[in-house]
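*Asks:* compute the structure for the input listed below.
(chains A and B)
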2 protein chains.
Amino acid sequence: MSIVVQKYGGTSVADVDRIKRIAKRVKKSWKDGHQVVVVVSARAGVTNQLIERANAILKNPTEREMDVLMTCGEQETIALLALALHALDVPAVSRTGWQVEILTEGIHTKSRIREVKCGDIRKQLRAGKVVVVAGFQGINDEGDVTTFGRGGSDLSAIALAGALRARNCQIFTDVEGVFTADPRIVPDARKITAINYEEMLELASSGSKVMQTRAVEFAQKHNISFEVRSSFSNKSGTIVKKKVKSLEDTLVSGVAIDKNQVRLSITELPDRPGAAAAIFKVMSESGVVVDMIVQNVARNGKANLTFTVPSEDAFRAEKALKEHFKEKTSGKLGKSTNIAKVSVVGVGMRSHSGVASKFFEALANAGINMLMISTSEIKISVGVDPDQGDDATRVAHQAFDLG
Amino acid sequence: MSIVVQKYGGTSVADVDRIKRIAKRVKKSWKDGHQVVVVVSARAGVTNQLIERANAILKNPTEREMDVLMTCGEQETIALLALALHALDVPAVSRTGWQVEILTEGIHTKSRIREVKCGDIRKQLRAGKVVVVAGFQGINDEGDVTTFGRGGSDLSAIALAGALRARNCQIFTDVEGVFTADPRIVPDARKITAINYEEMLELASSGSKVMQTRAVEFAQKHNISFEVRSSFSNKSGTIVKKKVKSLEDTLVSGVAIDKNQVRLSITELPDRPGAAAAIFKVMSESGVVVDMIVQNVARNGKANLTFTVPSEDAFRAEKALKEHFKEKTSGKLGKSTNIAKVSVVGVGMRSHSGVASKFFEALANAGINMLMISTSEIKISVGVDPDQGDDATRVAHQAFDLG
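*Replies:* So this is what the prediction gives:
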């Protein structure tokens, strides 16, 4: 008997009818002889409703209590899906994050998985049961429930698949797989059949909303392959694994856009070792993920430092920086601006030069100004005006013949 | 420092504005120097919404999963109230039932409290924090969350007050205390200043919706006195304790009505020892609470047995009885009918005869037919046609000069 982990996101379990439909799909896998573990998110909209209520009480709600609040969403879904399976005569049992001992560490609302002990999942599977697990949540050493950030159910599914040595991990979502670009922006975008962790990671961290970045990182670190596929069709999706044999010698696999970035600028930073490091230590301690970083050459002993953070972290980042500068006096926080980040991603570019020039030239020809540039081994990202983000994506997709 | 346990029901925490108002009340007690533990229910309506969703999936939803589902309601409230306290600069921390180790046993949706270990409540109180605990829920030996039945947050509050040796236990509700009768039915009903456990228990079990019966039983067993009072006013409520000194020699303290009863009739039951016992064993094993019981004298070796159960248990009771008779063949289940139970309650009647005759005569004079009669040491209940329930209540209230 092989273990299959299936993850269904919020839109797939949005209401009672959809939950019933998912139950049928789960039953099919169970009938086929698999041992099935299902990881679910909160019903679409529920998490936002809970956050709205919290915000109506307190502008910046305490994160520990936000975790207590938000974990209700997934708990509702596991019970409803278990009931929907019972209605189809499938023996099923629900489990919360703390019941399957997903042990966490780190700050609330963005905790990390330390260990997955699985509780009694194996015992329940051996007894022929489908186990329905609440995604997005775990428990820390203090016995507090914690969450993994938006999209955290992906992480739950992949971590469970790894701990249970599952044959398959299927991430069911509202798109049919990973595309060369967002089909809503680029109509001729193609579904990618298989992709390796690195590319998937760069796409995910570059704004492709298909998967949570941390989930892909976790999969890469522990070599847990998975499939991204649609919960609304039976088509096969995109396999994400360690090595992908490519028939063509693809330079660029996809283009991603992230409109959810805020650029922070710091001026008058003393040009001495440790000044920039201190800034990023402050960000790290506040749990803010820093993305693109640009530092200019210093003039008159003062440097300018620019970096981007996800918009939801912007307030916290600014608050922490203001406190930091109050103590240190050296450095000044400028005005924050929204930015769109467009990235081309591909393992092929590792051994090929010329990708950057082709990308930048295409943007220039389209009259799109680059505000920031940042590169990794397999990715080139540019920050552009939010109004030009979609155009930049289409231009890049065409420049690399991805359609 | 004295510990105060306050319980707020669903209507008191129905929305964000009410939660903010409750936070102010809690802050006052905390400012007054008390160590405050707050027990809350789900926001009014939430539990019903969750049940509706479950019923849309499965007509008789599995009880273990219902417990997983319903406990979300209280979990939402504890987080929101903790946040509302934070907004008032009151250090507060929320705790679920399993976090404060309310250990339970028995069947799901109606579990019993085995032990209250309190988790780290004392430690948090010593640190100056208000602890906000989810009512209605605990955890059993299998690590499953369980619930205590409708109104179960009362039980949580009283059990915690006992375990913490609290100075006060205040049950805040949407009425101003315990009345001599439901003021919506009997306009001249009076608020009772103090009442003993036995009377409160009989009133609660006889349909006075103020408190959960099991909570009062628990208070009586462990001698935990408490106050029932309104969360919408500052008036003192009704104290419930072991002994109440009464100025007058009250025969009857109050009249209660329960419109939520179904009468089951069993005919052709063999007139031999154990036949009736077997029936009630079946009820008990199905977790059905049996209330009034009447058995007629046997004729031709066959007896008739009539008893009432709460309407929400009626389906389960009938199902269990049908299965029982399929196996045993001896006995036949008749048609079930709704019934209203009207009860007069008072410790005074223990040493006085004449209460029954006065009660029955008053009903007869009003033309109300008694369908069943059942008595305890301090209570006389009659079953009447549901349409005549309110009239019977008014008649009894007047007969014993309670106005």
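*Asks:* how much space between the most centrally placed residue in chain A and chain B?
*Replies:* The centre of chain A sits closest to residue A:212, judged by Cα atoms, centre = their mean, with a distance of 1.7 Å. Relative to chain B, residue A:212 is positioned 23 Å away (Cβ to the nearest Cβ, to the nearest Å). Where you see a C-beta, it was placed from the backbone N, CA and C, and this is true even at glycine.
*Asks:* kindly report the same for residue A:112.
*Replies:* Distance from residue A:112 to chain B, by Cβ to the nearest Cβ: 21 Å.
*Asks:* likewise for residue A:233?
*Replies:* According to Cβ to the nearest Cβ, residue A:233 and chain B sit 23 Å apart.
*Asks:* for that residue, grab phi and psi.
*Replies:* Phi and psi for residue A:233, reported as degrees, to the nearest 10, are phi -140, psi 180.
*Asks:* identify the residues contacting it.
*Replies:* Going by Cβ atoms under 8 Å, 6 or more residues apart in numbering or on different chains, residue A:233 touches residue A:176.
*Asks:* count of neighbours near residue A:283?
*Replies:* 21 (other Cβ atoms under 10 Å in any protein chain shown).
*Asks:* from what I can see it touches residue A:317, true?
*Replies:* Yes - at 6.2 Å, residue A:283 and residue A:317 qualify as touching, with contact defined as Cβ atoms under 8 Å.
*Asks:* tell me, what's touching the two both at once?
*Replies:* residue A:309.
*Asks:* in this structure the residue nearest to the centre of chain A contacts residue A:204, no?
*Replies:* Yes - assessed by Cβ under 8 Å, residue A:212 is found in contact with residue A:204 at 7.0 Å.
*Asks:* need the longest strand for chain A.
*Replies:* Ranked by residue count, the top strand of chain A under DSSP state E comes out as strand A:254-270.
*Asks:* centre of the chain to the very next helix or strand once past it, how far?
*Replies:* On the C-terminal side of strand A:254-270, the closest following helix or strand by DSSP states H and E is helix A:275-285. Relative to its parent chain, helix A:275-285 has a centroid offset of 23 Å by Cα atoms, centre = their mean, to the nearest Å.
*Asks:* burial count for residue A:175?
*Replies:* Around residue A:175 there are 21 other residues, counting by other Cβ under 10 Å.
*Asks:* circling back to that earlier point, in the longest strand of chain A, what's buried?
*Replies:* A:254-258, A:260-264, A:266, A:268-270 (16 or more other Cβ atoms under 10 Å in any protein chain shown).
*Asks:* so how far is that strand off the chain centroid?
*Replies:* So, by Cα atoms, centre = their mean, the centroid of strand A:254-270 is 18 Å from its chain's centroid.
*Asks:* what angle separates that strand from helix A:275-285?
*Replies:* Orientation of strand A:254-270 against helix A:275-285 (axes from the mean of the first three to the mean of the last three Cα atoms, to 10 degrees) gives an angle of 120 degrees.
*Asks:* convert stretch A:203-222 to PDB, retaining C-alpha atoms only.
*Replies:* Provided in PDB are the C-alpha atoms of stretch A:203-222 (Å, rounded to 0.1, in the frame of the first residue of the first chain):
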ATOM      1  CA  LEU A 203       9.100  31.100  -9.700                       C
ATOM      2  CA  ALA A 204       7.300  30.800  -6.300                       C
ATOM      3  CA  SER A 205       9.400  33.400  -4.700                       C
ATOM      4  CA  SER A 206       9.100  35.700  -7.700                       C
ATOM      5  CA  GLY A 207       5.300  36.000  -7.400                       C
ATOM      6  CA  SER A 208       3.900  33.000  -9.100                       C
ATOM      7  CA  LYS A 209       1.000  32.500  -6.700                       C
ATOM      8  CA  VAL A 210       0.800  28.700  -7.300                       C
ATOM      9  CA  MET A 211       2.700  27.600  -4.200                       C
ATOM     10  CA  GLN A 212       4.100  28.900  -1.000                       C
ATOM     11  CA  THR A 213       7.800  29.600  -1.300                       C
ATOM     12  CA  ARG A 214       8.700  28.000   2.000                       C
ATOM     13  CA  ALA A 215       6.900  24.800   1.000                       C
ATOM     14  CA  VAL A 216       9.100  24.500  -2.100                       C
ATOM     15  CA  GLU A 217      12.200  25.300  -0.100                       C
ATOM     16  CA  PHE A 218      11.200  22.500   2.300                       C
ATOM     17  CA  ALA A 219      10.600  20.100  -0.600                       C
ATOM     18  CA  GLN A 220      14.000  20.900  -2.100                       C
ATOM     19  CA  LYS A 221      15.900  20.600   1.200                       C
ATOM     20  CA  HIS A 222      14.300  17.200   1.900                       C
END
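*Asks:* give me the mean pLDDT for that stretch.
*Replies:* The predicted model assigns stretch A:203-222 a mean pLDDT of 85.
*Asks:* ok, and for that stretch, which residues are buried?
*Replies:* Buried residues in stretch A:203-222 (16+ other Cβ under 10 Å): A:203-220.
*Asks:* what's in contact with the helix or strand hosting residue A:162?
*Replies:* Using DSSP H and E, residue A:162 sits in helix A:152-163. By Cβ under 8 Å, 6+ apart, the residues outside helix A:152-163 that reach it are A:3, A:5-7, A:9, A:37, A:39-41, A:74, A:97, A:100, A:102, A:113, A:116-118, A:121, A:133-138, A:148, A:166, A:168-169, A:171, A:211-212, A:214-215, A:218-219, A:222, A:224, A:226.
*Asks:* out of those, which are inside helices?
*Replies:* Mapping the contacts of helix A:152-163 onto helices (DSSP state H) picks out A:74, A:121, A:214, A:215, A:218, A:219, A:222.
*Asks:* adding distance to residue A:64, write those out as a markdown table.
*Replies:* Shown next, in a markdown table, are the ones in helices among the contacts of helix A:152-163 (distance: Cβ to Cβ, whole Å):
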| residue | distance to residue A:64 |
| --- | --- |
| A:74 | 17 |
| A:121 | 27 |
| A:214 | 20 |
| A:215 | 23 |
| A:218 | 23 |
| A:219 | 28 |
| A:222 | 28 |
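*Asks:* helix or strand: which one has residue A:395?
*Replies:* Per DSSP H and E: helix A:389-399 holds residue A:395.
*Asks:* for that helix, what is the average pLDDT?
*Replies:* Here the average pLDDT along helix A:389-399 is 96.
*Asks:* wait, is residue A:146 part of a strand?
*Replies:* Yes - counting by DSSP: H, G, I helix; E, B strand; the rest coil, one finds residue A:146 located in a strand.
*Asks:* so how many other residues sit close to it?
*Replies:* 30.
*Asks:* spatially, what comes nearest to it if we skip its sequence neighbours?
*Replies:* residue A:111 (3.7 Å; Cβ to Cβ, 6 or more residues apart in numbering or on different chains).
*Asks:* do the same with residue A:174
*Replies:* Here the residue nearest residue A:174, using Cβ to Cβ, 6+ apart, is residue A:11, at 4.6 Å.
*Asks:* hmm, back to that, next up, phi/psi of the residue nearest to the centre of chain A, please.
*Replies:* Taking degrees, to the nearest 10 as the convention, residue A:212 sits at phi -70, psi 130.
*Asks:* so what's the residue count around residue A:332?
*Replies:* The tally of other residues near residue A:332 (other Cβ under 10 Å) stands at 14.
*Asks:* so who does it touch?
*Replies:* Per Cβ under 8 Å, 6+ apart, neighbours of residue A:332: A:266, A:267, A:268, A:325.
*Asks:* rewinding a little: and of the ones in helices among the contacts of helix A:152-163, the nearest to residue B:276?
*Replies:* Comparing the ones in helices among the contacts of helix A:152-163 against residue B:276 with Cβ to Cβ picks out residue A:121 as the nearest, at 45.5 Å.
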